[in-house]
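>>> would you be able to build a 3D model of this:
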Amino acid sequence: MNKIGLEIIGLSYSQTQSGAYALVLGEKEGNRRLPIIIGGFEAQAIAIELENMTPSRPLTHDLFKTFASTFEIQVQEVIIYNLVEGIFFAKLICNQAGKEVEIDARTSDAIALAVRFNCPVFTFEFILSSAGIILDEESESLDFGGQDNVEDEIADLVEEKASDLSKKSLHDLEKLLKEAIQKEDYEKASIIRDEINKRQAN
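From the prediction side, this is the model:
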């Protein structure tokens, strides 16, 4: 089967499951989106790496990356290879000294490691055909469980939090950023950091 390349489009709170997040993957050479429900911890692990943030203490996925690198194990690619009763199955394709090894993993963990190893993510046509959401050329809306556009939800959340931060001084923002990182609230920290960067650019 031919592999289809995917990229991360966004993360948002899940409207269908409390305490969960929607990870949206997009077809690199197409207009289909693949929404996957993941846990808060895994969503946080993906978000902080995408935002190039350094946690106060290594997260589990950071530890795995350090462990693998120490023993010269490289994750070459991630493949989402099956979908059974709404559950996605993934595997890590690893290489050590020229020997290729496949390791089964939860899809959320596999993506969190993919962003750390900067390796590609693939799936197969039958998965995109059954679980993918097709975006029309004239419309960019996502029909995600009957909810509003997932990407718009992310933008609205950021805009709402940023409006509160605009009233804070730069000194206060830097203090809030430090507190957010210490509390490991990396979603909030990324928004605060964006506000700081915006002001310093002016």
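>>> C-alpha only now, for contacts and for neighbours.
Fine.
>>> kindly check the end-to-end length of stretch 111-122 for me.
For stretch 111-122, the first and last residues are 10 Å from each other (C-alpha to C-alpha, to the nearest Å).
>>> pick out the residue closest to the middle of the protein.
Centroid-nearest residue in the chain, with C-alpha atoms, centre = their mean: Ile46, separated by 4.2 Å.
>>> how about it, what does it touch?
Contact analysis of Ile46 by C-alpha atoms under 8 Å, 6 or more residues apart in numbering lists 111-112, 115.
>>> which SS state does it fall under?
Of the three states, Ile46 takes helix under DSSP: H, G, I helix; E, B strand; the rest coil.
>>> returning to that earlier point: by neighbour count, which of the contacts of Ile46 wins?
Each of these was scored for neighbours by other C-alpha atoms under 10 Å, and Ile111 scores highest at 31 neighbours.
>>> surely it is in a strand?
No: Ile111 sits outside any strand when classified using three-state DSSP, being helix.
>>> Thr123 is in contact with Ile80, correct?
Yes: counting by C-alpha atoms under 8 Å, Ile80 touches Thr123, with 4.8 Å between them.
>>> now do the closest residue to Phe89 other than its chain neighbours against Ala131, distance only.
Nearest residue to Phe89, sequence neighbours excluded (C-alpha to C-alpha, 6 or more residues apart in numbering): Asn82, at 5.0 Å. Remark: distance between Asn82 and Ala131 (C-alpha to C-alpha) = 11 Å.
>>> tell me the secondary structure for Thr54?
From three-state DSSP, the assignment for Thr54 is coil.
>>> ok, it - contacts?
With contact taken as C-alpha under 8 Å, 6+ apart, Thr54 is in contact with Ile48.
>>> and it, what pLDDT?
Reading off the confidence values, Thr54 has pLDDT 81.
>>> for stretch 166-185, list the C-alpha coordinates in PDB.
In PDB, the C-alpha atoms belonging to stretch 166-185 read as follows (Å, rounded to 0.1, in the frame of the first residue of the first chain):
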ATOM      1  CA  SER A 166      -3.000  43.000  26.200                       C
ATOM      2  CA  LYS A 167      -3.800  44.900  29.400                       C
ATOM      3  CA  LYS A 168      -0.800  43.500  31.200                       C
ATOM      4  CA  SER A 169       2.600  45.200  31.300                       C
ATOM      5  CA  LEU A 170       5.700  43.500  29.800                       C
ATOM      6  CA  HIS A 171       7.100  42.900  33.300                       C
ATOM      7  CA  ASP A 172       3.800  41.200  34.300                       C
ATOM      8  CA  LEU A 173       3.800  39.100  31.200                       C
ATOM      9  CA  GLU A 174       7.300  37.800  31.800                       C
ATOM     10  CA  LYS A 175       6.300  36.900  35.400                       C
ATOM     11  CA  LEU A 176       3.100  35.100  34.100                       C
ATOM     12  CA  LEU A 177       5.200  33.300  31.600                       C
ATOM     13  CA  LYS A 178       7.600  32.000  34.200                       C
ATOM     14  CA  GLU A 179       4.700  30.900  36.500                       C
ATOM     15  CA  ALA A 180       2.900  29.100  33.600                       C
ATOM     16  CA  ILE A 181       6.000  27.100  32.700                       C
ATOM     17  CA  GLN A 182       6.600  26.200  36.400                       C
ATOM     18  CA  LYS A 183       3.000  25.000  36.600                       C
ATOM     19  CA  GLU A 184       3.500  23.200  33.200                       C
ATOM     20  CA  ASP A 185       0.600  25.000  31.700                       C
END
